[in-house]
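>>> What follows is a predicted protein model with its sequence.
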Amino acid sequence: MAQFVVVPPLDRVGKLFCIVTDCKFAPEVSWSLWKKCDVAEFEWLREYIRPSHQKLLNDTTMGVQTTPCSLLRQILRPHDYHIEKTSYGWSLKEGKSKAGPKLVVVKPGRRIVWNDEE
């Protein structure tokens, strides 16, 4: 993972997960609220995230991000976990996230002819 100097250890990531969700770190656990945390809870991540990739960490600690969800997704990904938004909140999942439907936009343009036969 290019954004990390070294991938943060799963035990510390799991502890942070418990702090911000107030839930046990386990696949399929669900929650509907994010717990307000002290900035110091996130500072240990600085040594793991490359300086050029710390915008998300900075935005989370400065309150630009309303929840730590994006940051948590970033640090969970190398451990093969992800967070999914549900109708009632969020859920922790193990394994790669399934690709959802993608919006495809067709824009008018010029037709490219690759050979002389068309």
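That came in fine, so what should we check first?

>>> Let me know the pLDDT of the residue nearest the centre of the chain.
Computing the C-alpha centroid of the chain and ranking residues by C-alpha atoms, centre = their mean puts R73 first, at 2.2 Å. pLDDT for R73: 95.

>>> Do I have it right that it meets E84?
No - using C-beta atoms under 8 Å, R73 makes no contact with E84, being 9.8 Å away. For every residue, glycine as well, the C-beta is placed using N, CA and C.

>>> Give the helix, strand or coil label for the residue nearest to the residue nearest to the centre of the chain when sequence neighbours are not counted.
Once flanking residues are discounted, R73 sits nearest to I83: 5.3 Å by C-beta to C-beta, 6 or more residues apart in numbering. Put simply, I83 is strand when judged by DSSP: H, G, I helix; E, B strand; the rest coil.

>>> Use 401 as the first number from now on
With 401 as the first residue, the last one maps to I483.

>>> In contact with I483, which residues are there?
I483 sits next to 469, 472-473, 476, 490-493 when contact means C-beta atoms under 8 Å, 6 or more residues apart in numbering.

>>> Output those as a markdown table; include the columns secondary structure and distance to Y448.
A markdown table is the format used below for these (DSSP: H, G, I helix; E, B strand; the rest coil; distance: C-beta to C-beta, whole Å):
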| residue | secondary structure | distance to Y448 |
| --- | --- | --- |
| C469 | helix | 18 |
| L472 | helix | 14 |
| R473 | helix | 15 |
| L476 | helix | 13 |
| W490 | strand | 23 |
| S491 | strand | 25 |
| L492 | strand | 20 |
| K493 | strand | 22 |
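
>>> Could you find which two of these are furthest from each other?
Put simply, by C-beta to C-beta the two of these set farthest apart are C469 and K493, 13.4 Å from each other.

>>> picking that back up, can you select the buried ones among the contacts of I483 for me in PyMOL?
Buried members of the contacts of I483, defined by 16 or more other C-beta atoms under 10 Å, are picked up in PyMOL with:
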select buried, resi 469+472+473+476+490+491+492+493
